[in-house]
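> model the structure of this input:
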Amino acid sequence: MASSKKNEQQQQQVFQDQLPLMAEKLGGDGLIGELCKGFELLVDNDKGVITFDSLKKNAAILGLQDLTDDDLRSMLREGDCDGDGALNQMEFCVLMFRLSPELMDEAEFLLHQELQFF
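Okay, here's the model as predicted:
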């Protein structure tokens, strides 16, 4: 029983949101540049987008090798705004922001501040 619980704990991955720290250190333009580099690591070079196959093939680069095919497909669906089954660079960057709760909270705060003037 104890070894079963230990195996379960090892299988659970904890992802720590690093985007706010990156944004603070790099600024907006620097963060976008880094996200674009991340996109380039995952892209299918022939198609110019992140496909399921390119994501699966390159997921280990980002430490995501333990994700299931269903997890990877869910990631693609989550970010696929135009319904083509793949992520272009803009969709990827938007998805990364959406997956960062702290950055989304800050963006919402800034939006509310700006809307006060209208």
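
> could I get the contacting residues of Asp69?
Asp69 is in contact with 52, 56, counting by C-beta atoms under 8 Å, 6 or more residues apart in numbering. All C-beta atoms are positioned from the backbone trio N, CA, C, and that covers glycine.

> so Ile50 touches Ala86, yeah?
Yes: assessed by C-beta atoms under 8 Å, Ile50 is found in contact with Ala86 at 6.0 Å.

> next, show the common contact partners of the two.
Shared contacts of Ile50 and Ala86, defined by C-beta under 8 Å, 6+ apart, comprise 44, 76.

> who has more neighbours out of these two?
Taking neighbours as other C-beta atoms under 10 Å, Ile50 and Ala86 compare with Ile50 leading, 27 against 22.

> over to the more buried one: give its phi and psi.
Dihedral pair for Ile50: phi -90, psi 120, per degrees, to the nearest 10.

> and it, how far is that from Ala60?
To Ala60, Ile50 is 15 Å away according to C-beta to C-beta, to the nearest Å.

> give the contact list for Asp84.
Val49.

> tell me if it really is in a strand.
No: assessed with DSSP: H, G, I helix; E, B strand; the rest coil, Asp84 is coil; it does not lie in a strand.

> tally of neighbours for Asn88?
19.

> contacts only, for it.
Taking C-beta under 8 Å, 6+ apart as the contact definition, Asn88 lies against 48-49, 82.
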